[in-house]
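Participant: okay, predicted coordinates and the sequence, questions at the end:
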Amino acid sequence: MFMNFFRIAGDACHLLSFLVMFWKLHTSQSVAGISLKTQELYVIVFVARYLDLFWNFLSIYNWVMKCIFIVSSVSIVYIMRFGVPHKETYNKEDDAFPHAYLIVPAALLGMAINMDHSSPFEMIWAFSIYLEAVAILPQLFMLQKQGGASSLTSHYVMLLGLYRLFYLFNWIYRYATEDNSCKLSSGSRASSRQPSTSTFSITTSTPSGKTSTRPSSSPPKVFSNVSCSSSSSVAVHAPLGESIAA
């Protein structure tokens, strides 16, 4: 997994944003000024992005960060919906941004613009990227409607902004320094492609006209009479006594 300063700084800001949020929920026992819709969008983002959590292992760091993002996001939504006395302080009227207008376009973009149109998981991953870019809008809409925010809420929004900024720099840096620009997405996914193999068959002819065939996993050395078929099978005809190396 490719690591650089921008990636680490972005993850640090993201983790700090969770700490600030949990600190606010613990000290104030209130969710006033917090958009439940934004938090629910983040749950959708991280669950969709990390569907490969149980079968795609890149590193301990990557796996732990995936778990932290999912568990933290789900925990915040749970506290806001069911926590006591937190749920009594949620202002549904101010959290009125139509978040369906964010989910549907992000889903359409995920299907239309991604790196592998034959892979459903690639489409879902792209959907999470597009949705995360706009997930903060309900929170900003709520703050604008209320005319301000507490210091902890402001710090939370600022840390989320820094997280996205550092990740933007991370992608630019990786695009400029890595050989394959497709590695921009390799922080959370690993290629499942396996190296392709070809099967070769080697046929030897005797002076009497008899032939014998044996399979080989590697191509034979050059002979004067070689025939190839579209199925990656190579037939080699050599007089008896000549050596055939696979």
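Facilitator: Received it, and whenever you're ready, just let me know what you need.

Participant: just want the phi and psi numbers for residue 177.
Facilitator: The phi/psi pair for residue 177 (degrees, to the nearest 10) reads phi -110, psi -20.

Participant: got any ranges where the protein has weak pLDDT?
Facilitator: 1-2, 180-246 (pLDDT under 70).

Participant: tell me how it divides into domains.
Facilitator: 5-185, 200-236 (automatic domain parsing).

Participant: from those domains, which stretch is densest packed?
Facilitator: Per-stretch averages of neighbours, counted by mean count of other C-beta atoms under 10 Å, single out domain 5-185 among the domains of the chain, with a mean of 16. From N, CA and C alone the C-beta is placed, and that goes for glycine too.

Participant: is residue 80 within a helix or a strand, and which one?
Facilitator: helix 60-82 (DSSP states H and E).

Participant: give me the residues contacting that helix.
Facilitator: Residues outside helix 60-82 that contact it (C-beta atoms under 8 Å, 6 or more residues apart in numbering) are 1, 3, 11, 14-15, 18, 21-22, 25, 31, 34, 36, 39-40, 42-43, 45-47, 50, 53, 57, 86-87, 90, 187-188.

Participant: for stretch 7-24, what is the distance to the chain centroid?
Facilitator: 19 Å (C-alpha atoms, centre = their mean, to the nearest Å).

Participant: ok, which stretches of this structure are strands?
Facilitator: 200-205, 211-216, 226-228, 234-236 (DSSP state E).

Participant: quick check: closest non-adjacent residue to residue 24.
Facilitator: Residue nearest to residue 24 in three dimensions, not counting chain neighbours: residue 152, with 4.2 Å by C-beta to C-beta, 6 or more residues apart in numbering.

Participant: er, residue 36 I mean
Facilitator: In space, residue 36 is closest to residue 80, 5.0 Å off (C-beta to C-beta, 6+ apart).

Participant: that neighbour and residue 63: what is the separation?
Facilitator: 27 Å (C-beta to C-beta, to the nearest Å).

Participant: got it, and residue 84?
Facilitator: Taking C-beta to C-beta, one finds residue 84 at 33 Å from residue 63.

Participant: with residue 91 instead?
Facilitator: Counting by C-beta to C-beta - residue 91 and residue 63 are separated by 37 Å.

Participant: what does stretch 30-39 contact?
Facilitator: Against stretch 30-39 from outside (C-beta under 8 Å, 6+ apart): 21, 24-25, 73, 76-77, 79-81, 83, 85-87, 89-92, 95, 97, 99, 135-139, 141-143, 146, 149-150, 153.

Participant: what's the answer for stretch 99-107, then?
Facilitator: By C-beta under 8 Å, 6+ apart, stretch 99-107 touches 37, 40, 41, 44, 127, 130, 131, 134, 135, 137, 138.

Participant: before we move on, what about stretch 160-174?
Facilitator: For stretch 160-174, using C-beta under 8 Å, 6+ apart, the contacting residues are 2, 4, 6-7, 9-11, 13-14, 17, 132-133, 136, 183-184.

Participant: recalculate using a threshold of 6 Å.
Facilitator: 4, 6, 7, 9, 10, 13, 14, 17, 184 (C-beta atoms under 6 Å, 6 or more residues apart in numbering).

Participant: and the residues you listed as TSV, adding distance to residue 119?
Facilitator: Below are these laid out as TSV (distance: C-beta to C-beta, whole Å):
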residue	distance to residue 119
4	27
6	27
7	24
9	30
10	26
13	30
14	26
17	31
184	16
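
Participant: which single one of the residues you listed is nearest to residue 157?
Facilitator: residue 17 (8.4 Å; C-beta to C-beta).

Participant: how about the nearest residue to that closest one, chain neighbours excluded?
Facilitator: Per C-beta to C-beta, 6+ apart, closest to residue 17 is residue 159, 3.8 Å.
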